[in-house]
Structures are given as C-alpha cells and as structure tokens.
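Enquirer: sequence and computational prediction follow.
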Amino acid sequence: MALIVEKQNNNFRLLGQGFSTKWLPNTKSNRKTIAVVLRYLLNSEGKPFSTFQELSPLFESENRQAASQHVEDFRDCGEDFLDFLKRRRKIDEEVTEVVKKVLREAPLLENHEIARRVNLELGRSDIAPSNMTEALKQIGCNEIRETLKNQLKAGKAHYKESYLLGEMMDTLSCEVGIRAGFQGGPLEEEMVVSDPTAIRKLITPGIPIEEISSPLKIVSLMMTLYYHNVPLSVLGRWFKVNKTTVLRWILGLALALWPIIYKWILEKVKAKKVYVDEKWLKIKKKWHYWFVVLDVETELPILAALLPSRTKWAIRWIGCKLKLLKKNPERVITDGLAGYPGMVEGAEHTLCRFHHQQSVTRFLKKNFEEEGDIKKRKPLMKKVLQTKDKRTVKRRMAKLEEKAESLGIVRWVTNTLKKLPSLLCSVGSSKIPSTSNTIERFFRSFNRFYKTRGGFHSVKSAKKELLLFLVVYLFTQRETGQAPIEKIMPEAREMPLYKLINDPFQNLWEVKNVKQIPKMAKFALTEQKVAQ
C-alpha cells in the first residue's frame, strides 16, 4: 500500500489507504516507532501490510534499508520498545577519543585490533570491529597523517608485513632457488639424499619397475596411501614402524622429487594466461592462505605460496615471485578478491562470471527479506551476463541501471558497472576463460587431502605436506585417465613413479616380505624446510 508523509510546522502524520495517524511531533523516535509498528502489522495471509520500500519515506529516503535497519535494531533489542528507544549508541564521544588515542600510536591497525584495544581501555566487551567504521568517520585525518608521516620517516610503518619482507630478503639474497627448482623461494635447510640416482630412476621413462629398490617402492606406496587419507598411525601399524618414521620417509621422498618435477614445469609452461586463487588453512589455530597460480593451457601449478595474510601486499608479492620465475602472464583470471587486479603489472584482469552470478544471490538475501522481492530481481540481475554477445550485455546493463533505484539495487549496479570491463572481456570469447572453475577443481582435490588433517601444527610442516600433495596430485590419473603431468610430459606414463602411484599393487606383486622395511634406514632423507 502507498504511504504518504505529511508535514505541518514541526509535526508529521502518515496517510495510507483507508487510514491515517494523528499529528505527532516530528522526532526520530516517533518515526522509528511507527515504522516498526506498521512493519509488524500483518494481513490475513500473515504477511506484513507494508514493505520496507513503502516505509522508507518516513526517513526521507527512497532506499528500503532506511526502514529495514530500524526493524533489525528492534529485533536486536529483544523486540522491546523501551529498550529500542533508549538504545545507547556504541560510538559516542568517549569511544571516539579512545579510538583517536589508539590510532596516534598505530595508525595502520586493522579494525578488529582497534576494537580490542578500545574495549580493553574502557573495560567493555560490546564494541565490535564493525563499529570502528562509524568511529573512523568521526575522526579527522590531519593528526593521524602526521603520526604516519613520522613513522615512515623513522622506518617504523611496515603494516604488519614483516613475514613478507623477511621472505623477500631471503629470496633475493640466496641462491637456493636453483636447488629448489625455481628462483625465488628459500630452502631453509640442506637436504641430502643418500642415493640420488635411485630417486632419478623413479621418474625416468622406460626404467623397469624391477630396477627400483623394494624400500623405495614401499615408500612410494606409503606416500600414495597418505595422499588418499590413510592415517599415519594406520600406515605405521601396517608396516611395523613408528608413524613419525612414516612421515619422515614420505616427506623426504616428496621433497627430493619436487625440485626436479617443478623444473620441468617451469621449462615447458609459458603461463601467458593464469588462474589465481587462495585456500585458507589453519596452522596453530591461526588462518594462513595457500595461494596457487595455475596455467590456463596446461592446468599445472606455476607457483604456490603459503602466506599469513591475503592483503594486497601479499598478492603483490605473488606477482614479484612470478617475475623472479620469469613468468609474465598477459591475463589473470580470478574470483574477484580486491588485490588481484594489481598482482601483475600490465596484465589484463578477468573476473569469473560464475562467482559474479553467485554474488547476485548473496546480495539479494542480504538486502531483501521477502522471497517475492528476491524472485522478482534475481532473473533480471543474472540475465545481464547470460548471453554470448557483448553488445547485449551492455544493453541489458543500461536498462537495469534505469530501474536500479526503483528496484533498490543501486549499490549492486554501481559495483557491477565498475567490474564490467573485467567481466565483459570473456563474453563470446573462445580464448579467454569465463570462469575459474579449473582452479576450483584443483582446490577440491586438495580439500580431500586436507580435510582429514585437522590443520597443520606448524608452518614448516604445512609447507612440506603441501609439496607432498603437489607431487602425488601431478602424477595421479583423473577421471579422463590422464595425470596432470602428462600435459607437458606424455612419456610420464612410462615412469616407475607414475605406475606406483596409479597401480601400486600390480607393480608391487613381487615384494612378498614387508620385513625388508627396516633396510630403508639406508634410504635416509634428512628433513628439508621448503618455502614456496
């Protein structure tokens, strides 16, 4: 129903179809109360008489959020009008002053850390990181700029990226990248393989399985079973050794193989178009991010790096590593994380259309409560990119922009228009991928490996196990009957490692006595710390 707000002197009243309110003082609390009451009035079907859009004129706005926010606040107060109207503002002058004090000491703190310090200073616990956005709006930038300038002059403003800076110094100052199979990744310890010839045989095409020693074949089997989520404790029980010994053997083998395999990838893959995405990992109850860069043509990993954050500086460091590897992608396909467009200087950025279409549903559910409102808008918003013609996309977007205000989707339209060049480039193109589904499939394979781990206990062990995953993943056949490594090395199918990973029992039939295992002490591999 249509609602009209009339004003007279310092009073107002609300007119609707067949009803009106008395003249009331034009105060914010009166308007808020009437908005909540009208929203809570239900018709015979149990639906509200008034939509948020119809109530928005009460707050001199055409945006439905102007009314919906007050209803959400009412619910947060336990639907008690007295608490609702007396609700204390979390961000008052006292809080703002403490925020200023915190920022004078550390102007680049994240919102969650500012909120923590403010709560500690005031002896409170109700101030959330989201409240800091409002507090920061009330603080002028002049004095904060002076603090920041002084810190920059003193060399103290590093924005919590000491990990990246440290890794950068290691990378640029060491020659270990060559030994690790790439330039630009510190090898933190020496790794000595007692018999490098045996390791090389494992990945040499045409070498008969019989020439591979039984202990090495058994370790390859262990590595394969561990990749497929057989627990270390079970492997230890099966092979009559301690589980830590099993882990040491399989990680040692993976770390010995990886530099050789990675060198093949760098030599044979051009990486002109790449996918980039990140997977969160929990290490010592803290989130870390495993960034992976996949080549579009071969779907092979060009670079993988475990970092403690996913800020724009972390992403730029991924770009620096690509340069060190002499890989300069011309196009980067991502899911839309804010820092990715600046990752590689001069590269074209393409957004995944699948992720964009998913964001339509998330936006609607966040901003509209009524199912009817969502169903009305979703087809119009998704239809924009459901074509193979770029001109059709632009025409549909222009029509939707005209209706945006009446539909209450102005913010979505504005954001989409900013992203449109990155979305439009893949429309109707056979050369530019329209989605990042390839790297999503890669991470689904990783999830099957990771989900049973329950997190890693240290960054060092996480990096080793990630390399173990990569080694076995590259040699494991997919549904197509082909392993990823065969994209660049078709002859990999004739390697002993390939056969042991994909058909282990057929190729181990001659190993009848597993008591040979203790002899694997001769196959000692010292631990290696690999950062990549």
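Expert: Alright, I've got the coordinates.
Enquirer: how far does stretch 348-358 sit from its chain's centre?
Expert: Using C-alpha atoms, centre = their mean, to the nearest Å, the mean C-alpha position of stretch 348-358 is found 14 Å from that of the whole chain.
Enquirer: endpoint to endpoint, it covers what distance?
Expert: Chord length of stretch 348-358, first to last residue, is 23 Å (C-alpha to C-alpha, to the nearest Å).
Enquirer: so which bits of that stretch are buried?
Expert: Neighbour counts over stretch 348-358 (16 or more other C-beta atoms under 10 Å) mark 348-353, 355-357 as buried. No exception for glycine: its C-beta is placed from N, CA and C like everyone else's.
Enquirer: and which of those is nearest to Ala198?
Expert: Cys352 (43.5 Å; C-beta to C-beta).
Enquirer: now the closest one. Nearest residue, chain neighbours left out?
Expert: Ser436 (4.1 Å; C-beta to C-beta, 6 or more residues apart in numbering).
Enquirer: dump the residue contacts of the one you found.
Expert: Ser436 sits next to 275, 277, 333-335, 352, 354-355 when contact means C-beta atoms under 8 Å, 6 or more residues apart in numbering.
Enquirer: inside helices: which ones of these?
Expert: Counting by DSSP state H, those place 354-355 in helices.
Enquirer: nearest to Arg75, of the contacts of Ser436?
Expert: His355 (31.1 Å).
Enquirer: reformat the buried residues of stretch 348-358 as JSON lines; add pLDDT and distance to Gly455.
Expert: Output for the buried residues of stretch 348-358, formatted as JSON lines (pLDDT from 0 to 100; distance: C-beta to C-beta, whole Å):
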{"residue": "Glu348", "pLDDT": "92", "distance to Gly455": "37"}
{"residue": "His349", "pLDDT": "92", "distance to Gly455": "32"}
{"residue": "Thr350", "pLDDT": "93", "distance to Gly455": "33"}
{"residue": "Leu351", "pLDDT": "92", "distance to Gly455": "31"}
{"residue": "Cys352", "pLDDT": "93", "distance to Gly455": "28"}
{"residue": "Arg353", "pLDDT": "91", "distance to Gly455": "33"}
{"residue": "His355", "pLDDT": "90", "distance to Gly455": "26"}
{"residue": "His356", "pLDDT": "91", "distance to Gly455": "31"}
{"residue": "Gln357", "pLDDT": "91", "distance to Gly455": "32"}
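Enquirer: and the two most separated of those?
Expert: Glu348 and Gln357 (21.0 Å).
Enquirer: what's the local residue count around Ser130?
Expert: 11 (other C-beta atoms under 10 Å).
Enquirer: domain-wise, how is the protein divided?
Expert: Residue ranges for the domains of the chain, per automatic domain parsing: 23-85, 93-154, 196-268+456-523, 353-424.
Enquirer: show me what contacts the closest residue in space to Glu54 that isn't next to it in sequence?
Expert: Spatial nearest neighbour of Glu54, excluding adjacent residues (C-beta to C-beta, 6+ apart): Leu3 at 5.2 Å. Counting by C-beta under 8 Å, 6+ apart, Leu3 touches 14-16, 38, 50, 54-55, 57-58.
Enquirer: at 7 Å instead, please
Expert: 14, 16, 50, 54-55, 57 (C-beta atoms under 7 Å, 6 or more residues apart in numbering).
Enquirer: Asn26 too?
Expert: 7, 10-12.
Enquirer: got a winner among those residues for most neighbours?
Expert: Phe12 (19 neighbours).
Enquirer: what about that residue, which helix or strand?
Expert: Using DSSP states H and E, Phe12 sits within strand 11-16.
Enquirer: next helix or strand past the helix or strand encompassing Glu97?
Expert: For Glu97, the host element (DSSP H and E) is helix 93-105. For helix 93-105, the following helix or strand on the C-terminal side (DSSP H and E) is helix 111-122.
Enquirer: centre of the chain versus the very next helix or strand once past that next one, how much separation?
Expert: Next along the chain after helix 111-122, taking DSSP H and E as the criterion, comes helix 131-137. Distance of helix 131-137 from its chain centroid, counting by C-alpha atoms, centre = their mean, is 25 Å.
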